[in-house]
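Peer 1: generate a structure from the sequence data that follows.
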Amino acid sequence: MDLYVMNCELLATCSALGYLEGDTYHKEPDCLESVKDLIRYLRHEDDTRDTRQQLGAGQILQNDLLPIITQHSQDKSLFDACIRLMVNLTQPALLCFGKVPDDPTVRHHFLEVVSYLQAYKEAFANEKVFGVLSETLYTLLQLDWEQRQEEDNLLIERILLLVRNVLHVPADPYEEKNVDDDASVHDKLLWAIHMSGLDDLIKFLASAQSEQQWSMHVLEVISLMFRDQTPELLVSAGQARSAQEKQRDAQELEALRQKEQAEKRSRTLQRGTRHSRFGGSYVVQGLKSIGEKDVIYHRGLHNFKNYTHDEGKAVRRVPKRKLHARDSEGKRRSALNVRLFLREFCMDFLENCYNRLMYLVKEGLIREQAQQHDETYYLWALSFFMAFNRGNGFRADLVSETMSIRAFHFIERNITNYYEMMLNDRKEASSWSRRMHLALKAYQELLLTVNEMDRSRDEDIRQSANVIKSNIFYLMEYREIFLTLLRKFDETKQPRTFLRDLVESTHLFLRMLERFCKGRNNLVVQRVKRKKSKGRKNPTAAETTPEELEETWRAVAEELRALTERAVPFDAASETPLEEQRTEAMVRVQDTLLNRRGPEALGLLRAAREVWPEGDVFGSADVEPEEELELLKQILIANLPRPPPPEPGMEEEDGELEEEEELESVRVSETEFNFLDFIKRFANPNVVRPYLLLLRSYSQNSPHTNHCITRMLHRLAVDLKMDALLFQLSVFCLFNKILGDPAATAYKELVTFAKFVLNRFFALAAKNNKAFVELLFWKSVGAAREMTEGYSKPGEGCVEGSNKKAKWTPEEEDELRTLYEEHRDSEVPDIVETLLPLLSNTTRTRRQVVAQLVAMGLVDSVKELKKQRKGTRIVLWTEEQEEELQMLFEEFRDSDDVLGNILKKVTAKRSRARMVEKLLSMGLVSDRRELHKKRRRNPNAPGKSAAMGMTEEEFLAHLPGGLTEEPMEGEEEVEEDEEDEEESEGEERERQAPAARGRKSWMAEREIDKWSLKLYFVTGMSGPLLWLQNCLNRTADHREEEGLFQPVPIVPLTEENEDAMEKKSFQRLLRKIGVRAPADEQESFWRIPAQMRPSQLRGAAEVLSPSQDALAAGAEESEQPTPGNSHEQRTQALRALLLARKMKQPSASAEHTGQQIRHWLSEMAPYSLYSALVLIRTLCVLVQRSALYISCYLLLSLYLLIFTTTFKHGAVLLTLPSPLLTEDSPLTMDLGANGGADSDREAHSAPAKRKRQRVLIDDDEDD
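Peer 2: All right, here's what the predicted structure looks like:
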């Protein structure tokens, strides 16, 4: 815009600002008012932004505003006004116009504003300007919050916005024709920021806790500073190239040299040895022209290989909607000093600011305290700085804030949102595509960082990476995201760089998943099922058979006698007259009966009788109940007139009138993951096409990108044996281009794979003469299988559930008719199952045979051949059946298996659960346990019965080395049968039998010594045991009420319970009662398994609460050992009983009693806690009877205390401590007479005692 066409008022206002004389700016007295007037003019500019353009053409910012703030910064009011004006002038053009205009005139104004902004950016590349801004910002940040005014905060925000606006200005590619390592305008601006110290203030704002309100502004400024940079270039700035980089550069140069030499050789071969003035004309045999004749070629033969029929044709214009999306501008390498300064900035920022700033920004985004699309700055910062950290000596603690499952979830949610918006907002599809690309880059960087953590030397970091991988591999949305993006890729909206990053990210994810699966036998993942259920329209009475109507009537007849509510038989809001609704009311009654809603139908009938009493259409007013039921039956079977069905294509406003209604239900479950099955989901043409689209630019791709493409195609062609998916003509043209490339040696992997696929195709073409036709089409998995394994004939390969109807030949129909006639009277339970193995075509399914029998007229309906379900649905009991049941019970009530014998003899077969309920209701038994099967042991089995006639001394003397586990004769073991009360089928009962047998033996396998539990109560573990008991009872109640069986974690909330859960002894107790330990790193708490029934949980809870008199009754219970005790425990118990009997015998004197006590205490060492408590109890009785002093009771108490303390710490120490037997003890004084002899015996037996002690400690550790 020309300066001379500027508005006169605007020109006068600009002239009143001041003037520049040399390097000194002289401001006018009305300078401040003039600046405010300019702000006012900008506020009222038109849609073409004429004021902004006139100020830009007049260079007001370069000649007036910047000199004012640099030379008159002490004038605070003027400085603030100038900053306000510059913030307005430098705001982005997109913000001024809203979008890039489509109108040519408005677009011209848009480009004018952009050119003025680029001039402003060049003017700001001055150290003095940023020096003044940084000094002002530093002064304001020195003020405490109490001293800052509202104007100070506004000035801080405006300075940050001004810096952001200047950095946001795009570069002018026509003016800045700089090469790499040359300083651009943006580099000069960054250097000015660095020299002024503004970068340090930005880092302070990012790290200071008191300045967190500027977090989003700071992140925007930082992202714009690094706009043209890449992390890899910054990491390598100022460092010598590594050997790997040198080798890679050498390979690239060698590939270029080989390509150039190959092209030179081809040109040499094309040139003849002698120039020919005549090109010549040639007839190309076999290549037809437009007519029937062969093509005539009028050029040299050396150019014939470039011949194509498209020569001379007009290039077809591609529609705008089909144009491929353009890539964003490429990155450039800045000057070395700028890269070094940015590298230092990145290192300081990661060390001191990254985690805090990213946390604040994330919180602002979640709480929606930021502006629209501000999450893109967060996504860019995450990908950029995590990539820089990964390349600059990876440290996980520097990026810990964004290395979490929350970050994965946040990015995945944004990718999904961007994709949906890209489909809905088509006008801004390119913008949404760029945002989705940013999110994809962030997701890729998270995966790369997790992969780097997995290779760390620190065990904690590797463990953290393992936890993150377990979560992202477990959840379906994280596994499916790449597969979805590949299937939905659209080259018209998403650029090639997006596809490149998507392919590389998919390659990385699959490699991590494959490595994760190799180290585990089974990986359980989440699976989401979406099931669509169809609700069909209810059939009318005319469409229902008489038998079905009779069955329907029997089902609702019992319910009609108990009416609970009244119904309205007409619609008051309907436009149909009331009299004409009478027929509709009759139809409604019939429909209600067909749906087996008897009470509702009866209510409708009675209400209709009151509305339309005339004619007794709905019965008379004094109708009897039986007549009313008969009237309903007549309505049910009547063929009532119904309105005609709606014509096809008409929209039904009422959803109930639709023929089929689809309802989608989502169910989340867990399943075992198979990596190969997951790869099979990539065998899809919609997934293969994007890979081949990227492969077309193989010469421009990096070696890593080509490797990712080849690896995926190799998985499909080799691992899955789906090479036929690549048998497509465009793919072969691409392979031909690769094989004919002069620099093909640089793409060895691609060349090898192309040769493999081509060899496979030509080998198949020798067998399948239709293979060349198949090249014209993209193939699905089924088509690829048919191409390689053979095409199926019509009618073959139809599986059950397929939509295609299987065809039967006349011979097969005759065979089926003959077999059916032979077996129709054989009274087999299922004739279809009998016919299936007899058919010559073994591929026929049950559904196909049934359908064919109906089609041939051999049976009238499919219901006649319905598979008979085992069991019975009989619920009602007749008087004869009750009498038979009572008679059978009286007959078998003394047998071992009462219920089993009744089930065998009863006439009307019913399930065990129904039979038990009936016996209880009749009062024949009062408890279910009376019906449990009793099994008697073999009386000839060896056991304790063999020793009934022996004395205890004889039994111990003749004790065999391997005593059997059989109990003594007459002992009965009750075997509980867990029954399913809802069981109605024999198959289900057979399927549940193993589970019931497993529940029977649950308590036997987890038999817990009640004396050991008593010891837990003695040692201060009563609180955790009671807490555990309450957890088991609450879980049992919940499972009975809700019917849900899921693993329930046991979460300790008190310090006492936490300490108990960490002890090995308590963990052993948990395992004994069936509680499961944490399976892997995903679980932190012990869990009650889902397999434990409520009865098992209550049984375990009862085990954890021993009775109060259990200890006192120990001696009596010791005479009846439990079947679960081992041979060694029973042997020790018998020895303890023998010693106890000796102790109860009267002794000659107190001296002799003291010797016995000392001997018995030493004999207690090798015994278990159960036996030791028996001896201690007997010893207490003996001490009381012998009238010894009270110190003996103290001695026993201390002994028991020491025993429990050592047992608590895992070492069973049952020897009597010598310091307790002091000279002052009365017991010791009684023992003093025979001290010499006993001391010799003790010295002799000490090594044996120590040996026994070591053995007991080792046994406890093994347990």
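Peer 1: ok, D897 - contacts?
Peer 2: 933-934 (C-beta atoms under 8 Å, 6 or more residues apart in numbering). For every residue, glycine as well, the C-beta is placed using N, CA and C.
Peer 1: ditto for the one 4 residues further on
Peer 2: Contacts for N901 were tallied using C-beta under 8 Å, 6+ apart; they are 888, 891-892, 895.
Peer 1: excluding chain neighbours, what is closest to Q59?
Peer 2: A119 (7.4 Å; C-beta to C-beta, 6 or more residues apart in numbering).
Peer 1: phi, psi for the one you found please.
Peer 2: phi -70, psi -40 (degrees, to the nearest 10).
Peer 1: to what extent is it buried, counted in neighbours?
Peer 2: Using other C-beta atoms under 10 Å, A119 is surrounded by 17 other residues.
Peer 1: any figure for the gap between it and A192?
Peer 2: 16 Å (C-beta to C-beta, to the nearest Å).
Peer 1: mind listing what the closest residue to A743 other than its chain neighbours touches?
Peer 2: Counting by C-beta to C-beta, 6+ apart, A743 lies nearest to K259, which is 3.6 Å off, once chain neighbours are set aside. When contacts are counted by C-beta under 8 Å, 6+ apart, K259 touches 741-743, 746.
Peer 1: give the contact list for Q258.
Peer 2: For Q258, the contact set (C-beta under 8 Å, 6+ apart) comprises 742-743, 745-746.
Peer 1: identify the farthest-apart pair in the contacts of K259.
Peer 2: P742 and A746 (9.9 Å; C-beta to C-beta).
Peer 1: which of those two has more neighbours?
Peer 2: More crowded of P742 and A746, by other C-beta under 10 Å: A746, with 20 against 15.
Peer 1: wait, isn't S223 in contact with L382?
Peer 2: No. If you go by C-beta atoms under 8 Å, S223 and L382 don't touch, sitting 10.8 Å apart.
Peer 1: what's the burial count for the closest residue to P92 other than its chain neighbours?
Peer 2: Nearest residue to P92, sequence neighbours excluded (C-beta to C-beta, 6+ apart): H168, at 5.5 Å. Close neighbours of H168, defined as other C-beta under 10 Å, add up to 20.
Peer 1: sorry, back to before: my read is that the residue nearest to Q59 contacts G58, right?
Peer 2: No. Assessed by C-beta under 8 Å, A119 is found out of contact with G58, at 11.4 Å.
Peer 1: now for the helix or strand harbouring L602, which elements pack on it?
Peer 2: Using DSSP states H and E, L602 falls within helix 598-611. If you count contacts as 3 or more C-beta pairs under 8 Å, 6 or more residues apart in numbering; DSSP states H and E, helix 598-611 packs onto helix 546-557, helix 581-594, helix 625-637.
Peer 1: for it, which positions count as buried?
Peer 2: 598-609 (16 or more other C-beta atoms under 10 Å).
Peer 1: which members of these are the farthest-apart pair?
Peer 2: G598 and R609 (16.7 Å).
Peer 1: contact partners for E151?
Peer 2: E151 touches D80, counting by C-beta under 8 Å, 6+ apart.
Peer 1: let me fix that, I meant to ask about F349.
Peer 2: Going by C-beta under 8 Å, 6+ apart, F349 touches 203, 206, 222, 385.
Peer 1: any idea how far L233 is from it?
Peer 2: 17 Å.
Peer 1: secondary structure class for Y25?
Peer 2: strand (DSSP: H, G, I helix; E, B strand; the rest coil).
Peer 1: quick one: average pLDDT of stretch 588-603?
Peer 2: For stretch 588-603, the mean pLDDT works out to 78.
Peer 1: for it, measure first residue to last.
Peer 2: 11 Å (C-alpha to C-alpha, to the nearest Å).
Peer 1: try stretch 769-780
Peer 2: 19 Å.
Peer 1: what pLDDT is listed against L38?
Peer 2: 92.
Peer 1: check contacts around it.
Peer 2: Contacts of L38 (C-beta under 8 Å, 6+ apart): 10, 13-14, 55, 60, 85.
Peer 1: what separates it from G58, distance-wise?
Peer 2: Taken as C-beta to C-beta, the span from L38 to G58 is 11 Å.
Peer 1: hey, what's in contact with both of the two?
Peer 2: Both L38 and G58 are in contact with C14, where contact means C-beta under 8 Å, 6+ apart.
Peer 1: picking up where we left off before, could I get the contacts of K259 as CSV with secondary structure and pLDDT?
Peer 2: Shown next, in CSV, are the contacts of K259 (DSSP: H, G, I helix; E, B strand; the rest coil; pLDDT from 0 to 100):
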residue, secondary structure, pLDDT
D741, coil, 82
P742, coil, 78
A743, coil, 78
A746, helix, 81
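Peer 1: nearest to S400, out of these: which one, please.
Peer 2: Among these, and counting by C-beta to C-beta, the member closest to S400 is A746, at 41.0 Å.
Peer 1: check which helix or strand the closest residue to that closest one other than its chain neighbours maps to.
Peer 2: Excluding its sequence neighbours, the residue lying closest to A746 (C-beta to C-beta, 6+ apart) is A255, at 3.6 Å. Under the criterion of DSSP H and E, A255 resides in helix 243-270.
Peer 1: quick one: mean pLDDT over the very next helix or strand once past that helix.
Peer 2: Going down the chain from helix 243-270, the next helix or strand is strand 282-288, by DSSP H and E. Across strand 282-288, pLDDT averages out at 82.
Peer 1: strand 282-288 pairs with which strands, parallel or anti?
Peer 2: strand 294-297 (antiparallel) (DSSP bridges).
Peer 1: just the C-alphas of the strand it pairs with, formatted as CSV.
Peer 2: C-alpha atoms of strand 294-297 as CSV (Å, rounded to 0.1, in the frame of the first residue of the first chain):
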residue,chain,number,x,y,z
ASP,A,294,1.2,-52.7,-35.2
VAL,A,295,2.7,-49.6,-33.8
ILE,A,296,5.2,-47.7,-36.1
TYR,A,297,8.0,-46.2,-34.0
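Peer 1: mind listing what's buried along the next helix or strand after it?
Peer 2: Heading C-terminal from strand 294-297, the first helix or strand you meet, by DSSP H and E, is helix 336-352. By neighbour count with 16+ other C-beta under 10 Å, helix 336-352 contains the buried residues 338-339, 341-343, 345-350.
Peer 1: what sits up against the helix or strand harbouring C1031?
Peer 2: Assessed by DSSP H and E, C1031 sits inside helix 1022-1042. Helix 1022-1042 is contacted from outside by 1013, 1016-1017, 1044-1045, 1048, 1050, 1052, 1054, 1056-1057, 1060-1061, 1066, 1070, 1073, 1088, 1093-1095, 1097-1098, 1100-1101, 1104-1105, using C-beta under 8 Å, 6+ apart.
Peer 1: out of the residues you listed, which are inside strands?
Peer 2: 1048, 1050, 1088 (DSSP state E).
Peer 1: select from the residues you listed the one having the most neighbours.
Peer 2: Within those, most neighbours by other C-beta under 10 Å means I1088, with 25 neighbours.
Peer 1: for it, give me its contacts.
Peer 2: With C-beta under 8 Å, 6+ apart, I1088 has these contacts: 1031-1032, 1035, 1047-1048, 1050, 1074-1076, 1097.
Peer 1: in CSV, list those residues along with distance to N417.
Peer 2: Putting the contacts of I1088 into CSV (distance: C-beta to C-beta, whole Å) gives the following:
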residue, distance to N417
C1031, 42
L1032, 45
T1035, 40
P1047, 34
V1048, 36
I1050, 39
G1074, 46
V1075, 43
R1076, 39
L1097, 45
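Peer 1: for V854, state which of these is nearest.
Peer 2: P1047 (47.7 Å).
Peer 1: residue contacts, the residue nearest to the closest one when sequence neighbours are not counted?
Peer 2: In space, and not counting its chain neighbours, P1047 is closest to R1087: 4.3 Å by C-beta to C-beta, 6+ apart. Shown in contact with R1087 (C-beta under 8 Å, 6+ apart): 1047-1050, 1075-1076, 1078.
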